[in-house]
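Novice: Sequence and predicted structure below; questions after.
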Amino acid sequence: MASAEHHGPLSQFEIKTLLPIHLGEADISFTNSSLMMVIALIGITLFLLLGARRRALVPGRWQSMVELSYEFIVGLLRDTVGPDGRRYFPFVFTLFMFVLFGNMLGMIPYSFTFTSHIVVTFALAAVVFVGVTILGFVKHGVRFFAFFVPPGISVALWPLMIPIEIISYLSRPISLSVRLFANMLAGHTLLKVFAGFVPVLGAAGVVPLAFVAALSGLELLIAFLQAYVFAILTCLYINDALHLH
Amino acid sequence: MPQLEQVGTFLSQLVWLFLTFGILYIVMKRSALPRISQILATRQERIDGDLRRADEIKTEAESVLAAYEAAAARARAEAQDILRDSAERFAAEAAEKNEALGRRLAEEAAAGEARIGAAREQAMADVEAIAAELAGLAAERLTGAPTDRSSAEAAVAQVVGGRG
Amino acid sequence: MAEPERPQPLRDLDRRLKRLRAEEDGGARAAAERGRGLSLAVRIGAELVAALVVGVGIGLLLDSWLGTAPWLLVVFFVLGAAAGMLNVYRVMERMNRTVGDATGKRPEAERNGER
């Protein structure tokens, strides 16, 4: 954390190339961001497969956590979408776990938070947005456009309301991605700033240290909450696409 | 802010994002999620089965209890019947025996009385005969002549009859 | 000897079975209900800003295409603000519904329909 002080609190978000890979003109180097994504991938897989490997009828603590995460998303989809949401469960579950692990792994000192980059969060949000829009057209065809016409409003107001509804619809991937990105950015920056005070202040550094500890707790909550919000909004969008209004 | 400055790394970030996310999705869909869902389904089946079995056993216990109570009631009723029957039988037998004993005793008493009566008559007859003989003998001694036996008997009979 | 009452162990069993069945049906959901209100509150700010950003973006794009600067920017800024308000309204509406859900009416019906 001392190095962070030299480079400023934003240096933790820098992408550093670990293994340069070039495909013609394209730079697809393996970076610290890629490393954390791979660690998240391996971590989630191990967490689930090892936790479930004994298939115990009476689960231990680890298996309970695995089952809890599974039933959490199942319940989320059931409550927001209903029985026909079951088909999208693997996607929502993968999304939730990936974002959750990305947020949580970033809490470890000297690691990197790939969800603190707008490119990544926007790409994830765009996948959800495009996927849900395609789903809506597949399910309802042209009638999906009725989604932009608010029910119970006179035709005279349509020229006003339809652009508003379209802007509202287009704002979905922006709000989805900006929210996650901004939360991760702000939380981690704040954490780094206060952590930077600790060595400078010497003995009086206990004060910011206690603050950092409390802030870390809050950050853990936010890391979970943001993954949850990402998942629940995906569920709501799926519900809108399936059932329109 | 590196997020907006390092534009050159965008492609790499996107490529690795889709690679890792894609692999994760496939692993989840093919392997991890079916396994967890199977564990949960097995447990649910087991719990449902256990509850169902407990219910069955409970009903069974209740029916066994009912059967036991019915059997006990029946047995109690039977025992009372037997008790009553045997008491009646004993009483009847006792009465019968009593009656038979009484009859025998009465018969025996009657027979005894008859025997006594006969004996008395015999004795009386014997006394008359002896008296007649004694009277004959006494008359012989006094008169010195043999007396007629029949006249002696008549005399005795006259005396006994006069007295009796 | 004769007692019409059920014996103690059998009554205990009865009670325990009923309780187990109730737990089977109810328990899992309660936890999920709690986090929801908080997550909805977290959403509001981003919803407003995002719609505004989209409105301004569309305005700038159309202005540069059609050469109508700055009129469409102004129009779409207003539309974006309205869309942001609409987004916030929908979040609030949903929050109200969720609070209503917490009393257990709607999920109960859903669950019954599903099983």
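Specialist: Looks like it came in fine. Numbers count the residues shown, from 1 in each chain, chains lettered A, B, ... in the order given.
Novice: From A:Phe96, how far out is the nearest residue to C:Asn87 once chain neighbours are set aside?
Specialist: Leaving aside its sequence neighbours, C:Asn87 sits nearest to C:Glu47 (C-beta to C-beta, 6 or more residues apart in numbering or on different chains; 3.8 Å). Glycine gets a C-beta too; all of them are placed from N, C-alpha and C. Noted for C:Glu47: a distance of 20 Å to A:Phe96, by C-beta to C-beta, to the nearest Å.
Novice: of those two, who's got more company?
Specialist: The residue with more neighbours, out of C:Glu47 and A:Phe96, is C:Glu47; 26 against 21, by other C-beta atoms under 10 Å in any protein chain shown.
Novice: Hmm, the more buried one is touching C:Tyr89, no?
Specialist: No - between C:Glu47 and C:Tyr89 there is no contact under C-beta atoms under 8 Å: 9.5 Å.
Novice: Poorly predicted segments of chain B, please.
Specialist: Of all residues in chain B, those with pLDDT under 70 make up the ranges B:161-164.
Novice: got the residues of it near chain A?
Specialist: Within chain B, the positions near chain A by C-beta under 8 Å from any C-beta of the partner chain are B:1-4, B:6, B:8-21, B:23-25, B:27-29, B:31-33, B:35-40, B:42-43, B:46.
Novice: mind redoing it with 6 Å?
Specialist: B:2-3, B:6, B:9-17, B:20-21, B:24-25, B:27-29, B:32-33, B:35-36, B:39, B:43 (C-beta under 6 Å from any C-beta of the partner chain).
Novice: Quick check: the residue of chain C nearest chain A.
Specialist: Nearest residue of chain C to chain A: C:Ala50, at 3.3 Å (C-beta to the nearest C-beta).
Novice: Just read off the phi/psi values of that residue.
Specialist: As for C:Ala50, its main-chain torsions (degrees, to the nearest 10) stand at phi -60, psi -40.
Novice: count of neighbours near it?
Specialist: Applying other C-beta under 10 Å, we find 26 residues neighbouring C:Ala50.
Novice: so how many other residues sit close to the residue lying closest to it once chain neighbours are set aside?
Specialist: Leaving aside its chain neighbours, C:Ala50 sits nearest to A:Ser175 (3.3 Å; criterion: C-beta to C-beta, 6+ apart). By the criterion of other C-beta under 10 Å, A:Ser175 has 25 neighbours.
Novice: next helix or strand past the helix or strand encompassing A:Ser175?
Specialist: Using DSSP states H and E, A:Ser175 falls within helix A:158-201. Per DSSP H and E, the first helix or strand lying C-terminal to helix A:158-201 is helix A:206-243.
Novice: Next, the buried residues of that following helix.
Specialist: For helix A:206-243, a neighbour-count test (16 or more other C-beta atoms under 10 Å in any protein chain shown) marks A:208-209, A:211-212, A:215-216, A:219, A:222-242 as buried.
Novice: Likewise for stretch B:6-24?
Specialist: B:6, B:9-13, B:15-17, B:20-21, B:23-24.
Novice: circling back to that earlier point, so what's the residue nearest to C:Ala50 up against?
Specialist: Under the criterion of C-beta atoms under 6 Å, 6 or more residues apart in numbering or on different chains, the contact list for A:Ser175 reads C:46-47, C:50.
Novice: quick one, phi/psi of A:Pro151?
Specialist: Main-chain dihedrals, A:Pro151, degrees, to the nearest 10: phi -70, psi 150.
Novice: and the helix holding A:Ser175 with helix A:206-243, angle?
Specialist: Per axes from the mean of the first three to the mean of the last three C-alpha atoms, to 10 degrees, the angle that helix A:158-201 makes with helix A:206-243 is 160 degrees.
Novice: Grab the nearest non-local neighbour of the residue most central in space within chain A.
Specialist: Taking C-alpha atoms, centre = their mean, the centroid of chain A lies closest to A:Val99, which sits 3.7 Å from it. Counting by C-beta to C-beta, 6+ apart, the nearest residue to A:Val99 once its immediate chain neighbours are dropped is A:Ala227, at 4.2 Å.
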